[in-house]
Every structure is written in C-alpha cells, then in structure tokens.
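[1] give the three-dimensional model of this entry:
(2 chains)
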Amino acid sequence: MNAFVDFIMGPMVWISFLIFIGGLGFKAIYFIRELKHQESYIFSYVTLFHSLRSIGAWLLPFFPVSTRKHPFFYGVSYLFHLLLFAVPIFLSAHVVLVQEAFNISWPVFDDHTADALTVFVVAALVFFCCRRIMVPDVKFLTSSTDFLLIAVVLLPFLTGFLAYNQFFAYRWVMIVHILCGEFMLIMIPFSRFSHMMFAPFTRAYTGSEFGNVRHARDW
Amino acid sequence: MQEIAPIETEDQKKMDPAIEGGLERLTQEKIVRVINQVLHEETGARFQAYVQTCMRCGLCSDACAYFLSNDRDPRFSPAAKVKLTIWEMLKKKGHVSKNFLRRAVRIAHLECNVCRRCSMYCPFGIDIAYLMLLVRRICHKLEITPQYIQDTVNSHSATLNQMWVKEDEWIDTLQWQEEDARDEFENLRIPLDKKGADIMYSVIAPEPKFQAGLIYQAAVIMHAAGINWTMSSRPGWDNSNMAMFTGDNEISGRITKTFYEAAANLNVKRIVMGECGHAFRSIYDVGNRWLSWSMPPFEVVHAIEFYHELLTSGRIKIKKKIKEKVTLHDPCNVSRGRGLHDLARTVVDMTCADFVEMTPNREHNYCCGSGGGVINCGPPYKNERMVNNRVKAEQLKATGADILIAPCHNCHSGFEDIVHYYELGMDVKFLGDIIFETMDKKVYVPGK
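    Got it, this is the predicted structure:
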C-alpha cells in the first residue's frame, strides 16, 4: 500500500504533468504545423496587435457585450476559471509538497480562504451542471460528455475539500484526491479541456480577421 | 435528453424540387464520400480547433436573430445548428440519412444568414458562419442546393451575372438610363469601357433587371461630383456572387476573377461598389482569397465610403435635409464586414435632420434576415423568413422612424417584405436615394 501511495505521489505526479504540458505542447505544435501546411493564408491575416486586442478585450470582465447578456453565468464562470488555477497553485498543502521536493515555495492562501474558494469551485460546477439541465438551449447542446467533463473537474476539488476537513477515511479520501487530480491533468490534452490551449489561437484569428481585415470590433 | 428535429411535412417536401430531386438521386455511397471529402480534405486544423474548442456554453444563442425571433427555440442557437449538421456528420463519419440532409440544407441555407454575429458572442470567437458555409459546400457537392439560389448560380456560370442579363440588355439599360438622366444634366454620360478612368463603378445584376433607377441616380451623383468614372460593358460588370453562398467555390472564384479582370482591362485606379453587402464581401473578403490574393488587387470602396468621401470633400453639396425621422440599418457585410458604420452615420447626419438609432447597432446590429443567400432561396421560403426575423421588426418598430435607410440590396429587399408583413409603415431607402433627394444638382467645380 505504501508503495502505491509513494508511486502516485511521486512518479505519477511527474507523468501527469508531463502528459498535461507535453500533450498540450505537442497539440499546439502540431496545430501550427498543420495550419502552415494546409491553411497558411491564416498567417497573412493574423497580427499581434489585433490578436492581443481581442484576447485582452475578452479577458476584461464584462467588457464584451455577450458576457453582459448572462452576467451571473459569466461572473461565476470567470471566477471559476481563475480559481481553477489559483486554488491548487496557492494551496499551502500543495506548496509544502513542492517545497519538500524542490526547496522552492511561494505565498499561499490562508487555509480557511482556500477552503472557502474550494467550496466556490464545487458550487460553480454544480451550477454549471444545473444550467446544463435547466436552460433549454444549453440543454439541447449538452451530451453525456459534458457531464463527464464536469465530474472530472469536480472530483479533485471535492475530495480535496473532504480530505482537508478530514470528515472520514482521510487516508482513502486523500488517495482518491491525488488520483482524481492526476486524472484531470492527463485528460486535458485528450478532451475539450484543450480549449485552454486552443482558445487564445481561435480568439487571435477571429480578432485579427475582424480588426485587420474588416476594421471592426469583435467583442 | 435531446430533442429530435421535426421531420418535414409532405407539403414542405414539395416546396423545393431541387432539394427533393437531388435527394432522390443521391446514393449512400456518394453521401459518405462527399461529406468526408469536404470535412477532411477541404478543411484543416482551423476546423478541428473549432470543433474541439466549443464547450457548449450557449453564449452564442443570444447572437442569433433566428433564436430570438423563435422565442429562444434551442434548435436555432448557432451552436445547435452546428450540432445538427457538422457534429452529427463527424460522429457518424458521413453515414447520414437523406432526412438528415433535408434538415441540414434548411439549417445552412434558410436558418443562418452567415452574418457572423455569433462569432462576436462566442468567447472563443468560433466562426460558426464558416461551419455553416461548409455545410452549404457539402450540399452543393451533393447537388441539393435550394432551387432559386441554384438558378442564380447557374446564371453566374453561363453569363457571369446573377440574373441572366444578356450583354445587349445590359448596355441598352445603361443607355436608357443615360438618356433619361440627360433631362436633368445636359451633358451627363454613363461612360462605358473608358480606359484609365479613376473609378470603375459596379452594380449587382438586379439593378439593370429590376431597379434601373438606381443606375440613373448613381450616374447623377457621379456627374454632379465631377468624377472620372466608367462602367464595364463586358462580363464582370456584375459584382454579385451567389456562388459564394452556395459553396460553389469554383464558380465563385471565376466570378471574382472576371470582375477583377474587367477592372484591370479598364486600367482604373479603384473600384466603387454599389450599395450591396454580399457583393462587397465577395470582392473585398472572399473571392480574392480563392484567387490567392490576401487582399483584393484593387482598392475596393463600398458606396457608403464613397458617398462619405463625396460629401465630406464638398463634391456633393446637400441642399435640403430630409425632415422625416430616419433610422439606419448597419448591414453585416459592411459593418461587421468592413467597419463602415460610423461613415454611414456621418452621411446620414449630413443629409437627414432627424436621425434615430436602432438598438442594437453598428457591429451588434441584428441581421436583416435576408442576407447570406437566404432571400435568394426564393418565394417558397418567404413566410418562414418573416417569422424568423420578428426580432428585427420589433427593433425597427421601436425606433418610430418613417424612413429606414438600408445601404445593402439584400437588406433592402428583405425589409420591403418585413415592413409589409409586420405593417411597420416605413419607407425603405438606400443611402443613394437619400443623397439623390437631398443633393444640390449642380456640377462640382473645384474651388467653388
């Protein structure tokens, strides 16, 4: 049993991060290579200025008209995406592990804050789930994969919350937590989670077509 | 969990013999081959990125006039249109039924104006219009394009204009308009094939066919402004391009090539396009790409920009502004497609005393519901076109305007229908109509 825990807390972490970062990196390189090969015209329209203008406009909360049409969903979604990265990165328990391994560390959230933010992430995912069931146009677009994707993100946060608060079977919950976290990382390059890599590209291209060719705004 | 799109009724099946005839001729083997060929050989990483990036969030729904006009019916959400066509084709690897295709044709040709508003509402900027045009490309290759619009493409193919206008008819029409206009200006000419002119003016084929008065007006404006202009007597005079909207890229490319060649033969400095949105899109943004020009080989100026230039430079002076309340529609292809909305407002401000904005406006304006080839699918679909654009009628009604200015032919024709169907009591006009009515009809003399 200890050997298994050592494995999932050691090599498996490396493997997960390698697949996550390597997978996305590979996808990005392959994507650009394919574009150059088959659709090289795209590069004659993309400009750095218009790409950044569009990406920037869409990163400003509630700046694009679209986001103001659904302020609650957009607000929750915006915070959710921030916390999806911020909570695990600035969690003291995670930073301690990094410190033990590499002797580097960075500022962390206070444990109670991290706990509350985790609850927010879980609640946001439950909200997304409800939205998929209750909002007709979103429901129409939803397939079982979408619920699966929500579950894949939900589990590491939920089990992390349970483990931190030590409600029951701490050791087992922690093992499940680690496995779920690693599974989520591994899934990213192989699922629509890869929008984290594609979105800046698609935004940049649309921003450039609108800005550079059509002299119009795209937000 | 998912609703199934309704099966077409027998009546609907009879509406379009081209679709039904095409479907009858199709074999399953051809369906699979064509779909896979288009989706895998005519697309690339961009298409894959769009398909893999959509998170089904539904933010695009509110962009679509069809969705809003149909009481938020989920089937009209832009992403739903992709789901009901492209996703399904990919999932089934092209093994789709004829019923599926019958629905797909309608979605791509009649329930989407390829206006690109939804790419402004998608956080990732996914170009759903491009995906719908891919579906149209598939329909074209399967030979199930709706009859009326296919007929315009056939005309393009045979005559290089959209309306089966014969060469002598075209020249006769110009001479007839010239003759009439000489009542107002003694020396007015519509110069044909004048090499080295500053400007080649071009129109869409429906102008000589149905609206010759617009050529008269343009000639008067050109003459009064003292412009060194010409029109081409040869094929290439028509700047419209319906093939661009049916996915017949080969014909579309031929049309644009002939058009550029007409301008090149006349050795003009630039091209001024009449008030048509889709024609501008084809010459400025689409056809050039097919011909491997990243941007058009000529300076291409839409009428809005040209009128703006004439008015602000003082070449055309306004005698008396329009007094009635006017509103302005921003056509997709020149607003979202070229950012000309503010120039249009300057022209309206200079010619009209009482201007009221419609909301939303500029890039966010609702589509007229006719563009993207939808109105060109013809009378069989007129009633549903009216229902599908209720939100536009509501938007127009809220302005309380007497005159609706629509600087685009498609929008203009569509609005004639909308205004009549919803009893809005508005006069639909082109910017050219407004300028013609308000201008001082004196020939421009530099320095005076």
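[2] got the residues of the stretch 301-448 of chain B near chain A?
    The stretch 301-448 of chain B comes close to chain A at residues B:335-339, B:360, B:363-364, as judged by C-beta under 8 Å from any C-beta of the partner chain. For every residue, glycine as well, the C-beta is placed using N, CA and C.
[3] so how do I select the buried members of these in ChimeraX?
    The following ChimeraX line selects those of these that are buried, judged by 16 or more other C-beta atoms under 10 Å in any protein chain shown:
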select /B:335,336,337,338,339,363,364
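[4] any chance of TSV for the residues of the stretch 301-448 of chain B next to chain A, columns pLDDT and secondary structure?
    What follows is these, written out as TSV (pLDDT from 0 to 100; DSSP: H, G, I helix; E, B strand; the rest coil):
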residue	pLDDT	secondary structure
B:S335	96	coil
B:R336	96	coil
B:G337	96	coil
B:R338	97	coil
B:G339	97	coil
B:P360	97	coil
B:E363	96	helix
B:H364	97	helix
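[5] torsion angles phi and psi at the closest residue to chain A within the stretch 301-448 of chain B?
    For the stretch 301-448 of chain B, the residue closest to chain A is B:G339, as judged by C-beta to the nearest C-beta, at 3.4 Å. Per-residue torsions, B:G339: phi 70, psi 30 (degrees, to the nearest 10).
[6] quick check: closest non-adjacent residue to it.
    A:H215 (3.4 Å; C-beta to C-beta, 6 or more residues apart in numbering or on different chains).
[7] any idea whether the one you found is helix, strand or coil?
    Following DSSP: H, G, I helix; E, B strand; the rest coil, A:H215 is assigned to coil.
[8] could you do B:I316 as well?
    coil.
[9] spatially nearest residue to it, not counting backbone neighbours?
    B:I316's closest residue in space is B:L310 (C-beta to C-beta, 6+ apart), at 4.4 Å.
[10] residues touching residue 30, list them.
    Let's take chain A. Residues near A:Y30 by C-beta atoms under 8 Å, 6 or more residues apart in numbering or on different chains: B:A45.
[11] hmm, no, I was thinking of chain B.
    Here B:K30 is in contact with B:L142 (C-beta under 8 Å, 6+ apart).
[12] helix or strand for it, just tell me which one.
    helix B:28-36 (DSSP states H and E).
[13] give me the residues contacting the following helix or strand past that helix.
    Using DSSP H and E, the helix or strand that follows helix B:28-36 in sequence is helix B:45-53. Outside helix B:45-53, the residues that touch it by C-beta under 8 Å, 6+ apart are A:30-32, A:34-35, A:38-39, A:42, A:192, A:194-195, A:198-199, A:201-202, A:205, B:39, B:86-87, B:90, B:124, B:126-127, B:130-131, B:134.
[14] then stretch B:232-239?
    With C-beta under 8 Å, 6+ apart, stretch B:232-239 has contacts from B:159-163, B:165, B:167, B:170-171, B:174, B:192-193, B:200, B:202-205, B:231, B:255, B:258-263, B:265-266, B:273-274, B:276, B:279-280, B:282-283.
[15] and the end-to-end length of that stretch?
    The straight-line separation of the ends of stretch B:232-239 (C-alpha to C-alpha, to the nearest Å) is 11 Å.
[16] stretch B:188-203 now?
    Stretch B:188-203 has its terminal residues 19 Å apart, counting by C-alpha to C-alpha.
[17] for the residue in the stretch 1-150 of chain B positioned nearest to chain A, give me its contacts.
    Nearest residue of the stretch 1-150 of chain B to chain A (C-beta to the nearest C-beta) works out as B:G125 at 3.0 Å. By C-beta under 8 Å, 6+ apart, the contact list for B:G125 reads A:54, A:58, A:202-203, A:205-207, A:218, B:119.
[18] now, the most widely separated pair of the residues you listed?
    A:W58 and A:Y205 (13.1 Å; C-beta to C-beta).
[19] leaving out chain neighbours, which residue sits closest to A:L162?
    In space, A:L162 is closest to A:V173, 5.0 Å off (C-beta to C-beta, 6+ apart).
[20] mind listing what that neighbour touches?
    Counted by C-beta under 8 Å, 6+ apart, A:V173 has contacts A:159, A:162-163, A:167.
[21] output these as a markdown table; include the columns pLDDT.
    Output for the contacts of A:V173, formatted as a markdown table (pLDDT from 0 to 100):
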| residue | pLDDT |
| --- | --- |
| A:T159 | 96 |
| A:L162 | 95 |
| A:A163 | 93 |
| A:F167 | 86 |
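[22] let me know the closest of the residues you listed to B:D402.
    A:T159 (65.5 Å).
[23] right, and that closest one touches A:H177 too?
    Yes - with contact defined as C-beta atoms under 8 Å, A:T159 reaches A:H177; the gap is 3.7 Å.
[24] CA atoms of the top helix by length along chain B as CSV?
    What stands out as the longest helix in chain B, according to DSSP state H, is helix B:249-266. Output of helix B:249-266 as CSV, limited to C-alpha atoms (Å, rounded to 0.1, in the frame of the first residue of the first chain):
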residue,chain,number,x,y,z
ASN,B,249,-16.3,28.0,-54.7
GLU,B,250,-15.2,27.2,-58.2
ILE,B,251,-17.8,29.4,-59.9
SER,B,252,-17.4,31.9,-57.1
GLY,B,253,-13.7,32.2,-57.9
ARG,B,254,-14.5,32.6,-61.7
ILE,B,255,-16.9,35.4,-60.9
THR,B,256,-14.4,37.3,-58.8
LYS,B,257,-11.6,36.7,-61.3
THR,B,258,-13.7,38.1,-64.2
PHE,B,259,-14.6,41.1,-62.1
TYR,B,260,-11.0,42.0,-61.3
GLU,B,261,-10.1,41.4,-64.9
ALA,B,262,-12.7,43.9,-66.0
ALA,B,263,-11.2,46.5,-63.7
ALA,B,264,-7.7,45.6,-64.9
ASN,B,265,-8.7,45.8,-68.6
LEU,B,266,-10.1,49.3,-68.0
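[25] residues contacting it, please?
    Looking at helix B:249-266 with C-beta under 8 Å, 6+ apart, the contacting residues turn out to be B:137, B:153, B:156-157, B:160, B:193-197, B:200, B:202, B:230, B:232, B:234-239, B:241, B:243-244, B:271, B:282-283, B:286-288, B:290-291, B:296-298.
[26] how far is it from where the chain is centred?
    18 Å (C-alpha atoms, centre = their mean, to the nearest Å).
[27] circling back to that earlier point, double-check that the residue nearest to B:I316 belongs to a helix.
    Yes - if the criterion is three-state DSSP, then B:L310 is within a helix.
[28] number of nearby residues for it?
    Neighbour count for B:L310, taken as other C-beta atoms under 10 Å in any protein chain shown: 22.
[29] what parts of the stretch 101-250 of chain B come near chain A?
    Within the stretch 101-250 of chain B, the residues that sit near chain A (C-beta under 8 Å from any C-beta) are B:119-127.
[30] which elements pack onto the helix or strand hosting A:Y74?
    According to DSSP H and E, A:Y74 maps onto helix A:71-89. In terms of contacts (3 or more C-beta pairs under 8 Å, 6 or more residues apart in numbering or on different chains; DSSP states H and E), helix A:71-89 is packed against helix A:65-69, helix A:111-134, helix A:144-165.
[31] output the below-cut-off pLDDT ranges for chain A.
    Chain A contains no residues with pLDDT under 70.
[32] 90 instead?
    A:1-3, A:5-6, A:9-10, A:166-169 (pLDDT under 90).
[33] chain B now?
    Low-confidence segments of chain B (pLDDT under 90): B:1-15, B:183-184, B:186, B:445-448.
[34] give me the most central residue, it.
    Of all residues in chain B, the one closest to the mean position by C-alpha atoms, centre = their mean is B:H278, 2.8 Å from it.
[35] doesn't the residue of the stretch 1-150 of chain B closest to chain A lie inside a strand?
    No - B:G125 sits outside any strand when classified using three-state DSSP, being coil.
[36] all set, thanks.
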